[in-house]
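Undergrad: quick one, fold the following:
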Amino acid sequence: MSDLRAAARQSTARTGIIEFEGARGTVSIPCTIADVSGTGARLKLDWSLAFPKEATLIFADGLRKACRVAWQKRRLLGVAFADGIASLDEQALMMTEEEQALHRRYIGAQVKGAREARGYTEAQVANLVGVSPEFVASAERGDVSIPLHQLTHMADLFLVDLGSLVAGPAPIDDVELAAG
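TA: The predicted structure follows:
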């Protein structure tokens, strides 16, 4: 499992810009997009000042996604796309098909681990979230993407934060690199 997470994080690193309105106008901060999925991203910032709850993530190719902050640990930032899951065209611009599949598998494994830790069956989760047991099984294998509203519902059900399902806890060395 840790190998899968490491591979997903290393293979999705790219540069971008996070932009927001500050007291004196638009602020643009370069960032490293350390992990991206159809529902959000994990960013490494060269910024240590206060950060707003909402911003725009700009990818190298110019794609702009409105985001809201899901979690922040020093200079690491987890953002969820404000308009929900990115379209297939947007996802194709944000990451390769291989990166998308790897990320779906990682999220599926996180969901399965959280479900099992709480003692739920696939059928129970399906009933509580309003999907079929087959969808839950497919999502846990990484065959399909889980929409943001369903991931949020699952996080609440499993008593975990959304960031732990989408990006997982930041490894200590990432936190130290971001702080340095």
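Undergrad: within the helices and strands, which one has Leu128?
TA: Element membership for Leu128, per DSSP states H and E: helix 122-129.
Undergrad: and that helix, which residues are buried?
TA: Residues of helix 122-129 classed as buried by neighbour count (16 or more other C-beta atoms under 10 Å): Glu122, Val125, Ala126, Val129. Glycine gets a C-beta too; all of them are placed from N, C-alpha and C.
Undergrad: partners of the closest residue to Arg14 other than its chain neighbours in the sheet?
TA: For Arg14, ignoring the flanking residues on the chain, the nearest one in space by C-beta to C-beta, 6 or more residues apart in numbering is Ile33 at 5.1 Å. Beta-bridge partners for Ile33, by DSSP bridges, are Arg14, Leu43.
Undergrad: contacts only, for Ile33.
TA: Taking C-beta atoms under 8 Å, 6 or more residues apart in numbering, we find Ile33 in contact with Thr12, Ala13, Arg14, Thr15, Gly16, Ala41, Arg42, Leu43, Leu57, Phe59.
Undergrad: just the buried ones from those?
TA: Thr12, Arg14, Gly16, Ala41, Arg42, Leu43, Leu57, Phe59.
Undergrad: can you put the residues you listed in CSV and add pLDDT?
TA: Output for these, formatted as CSV (pLDDT from 0 to 100):
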residue, pLDDT
Thr12, 57
Arg14, 80
Gly16, 88
Ala41, 85
Arg42, 84
Leu43, 87
Leu57, 93
Phe59, 87
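Undergrad: quick one, phi psi at the residue of the chain positioned farthest from its centre?
TA: Most distant from the centre of the chain: Arg24, at 29.9 Å, with distances by C-alpha atoms, centre = their mean. When read as degrees, to the nearest 10, the backbone of Arg24 gives phi -110, psi 20.
Undergrad: great, nothing more from me.
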